[in-house]
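*Asks:* have a look at this prediction, sequence included:
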Amino acid sequence: MKLLAIDTIGWDCSAALWEDGRELSFQEKASERDQAALLPSLVKDVIGQHQIDQILVNRGPGSFTGIR
């Protein structure tokens, strides 16, 4: 099972791809204001050609823009 994890809790936003407890890919970017603009490309890069079975999102208490 492949799990996409997205975190926007602080000034950094990150995405990771996991399979059976093993990290396949991870990216993180620091941004104070434009997490919403950075997150789609970050997720796309992490996913690559993989098919995702589940998505896990840590949505708060980070900035409103990051969790929207």
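*Replies:* All right, it came through fine. What you see is a predicted model; the values in this text were computed from it and never measured.
*Asks:* burial check on the residue lying closest to residue 58 once chain neighbours are set aside, number of neighbours?
*Replies:* Nearest non-adjacent residue to residue 58, counting by Cβ to Cβ, 6 or more residues apart in numbering: residue 7, 4.5 Å away. The C-beta positions use only the backbone N, C-alpha and C, and glycine is treated the same way. Neighbour count for residue 7, taken as other Cβ atoms under 10 Å: 17.
*Asks:* and residue 7, what does it touch?
*Replies:* Residues near residue 7 by Cβ atoms under 8 Å, 6 or more residues apart in numbering: 13, 14, 15, 57, 58.
*Asks:* per-residue pLDDT, it?
*Replies:* The model reports residue 7 with a pLDDT of 88.
*Asks:* quick check: the residue of the chain most remote from its centre vs residue 56, distance?
*Replies:* Distance from the centre of the chain peaks at residue 20, with 17.7 Å (Cα atoms, centre = their mean). As for residue 20, its distance to residue 56 is 15 Å (criterion: Cβ to Cβ, to the nearest Å).
*Asks:* with residue 46 instead?
*Replies:* For residue 46 relative to residue 56 (Cβ to Cβ), the value is 13 Å.
*Asks:* next: residue 31.
*Replies:* Applying Cβ to Cβ to residue 31 and residue 56 gives a distance of 21 Å.
*Asks:* and residue 13, by the same measure?
*Replies:* Per Cβ to Cβ, residue 13 is found 14 Å from residue 56.
*Asks:* residue 57 against residue 6, yeah?
*Replies:* Yes - counting by Cβ atoms under 8 Å, residue 6 is a contact partner of residue 57 at 4.8 Å.
*Asks:* between residue 13 and residue 56, which is the more surrounded one?
*Replies:* Neighbours were counted for residue 13 and for residue 56 using other Cβ under 10 Å; residue 13 has more, 25 against 11.
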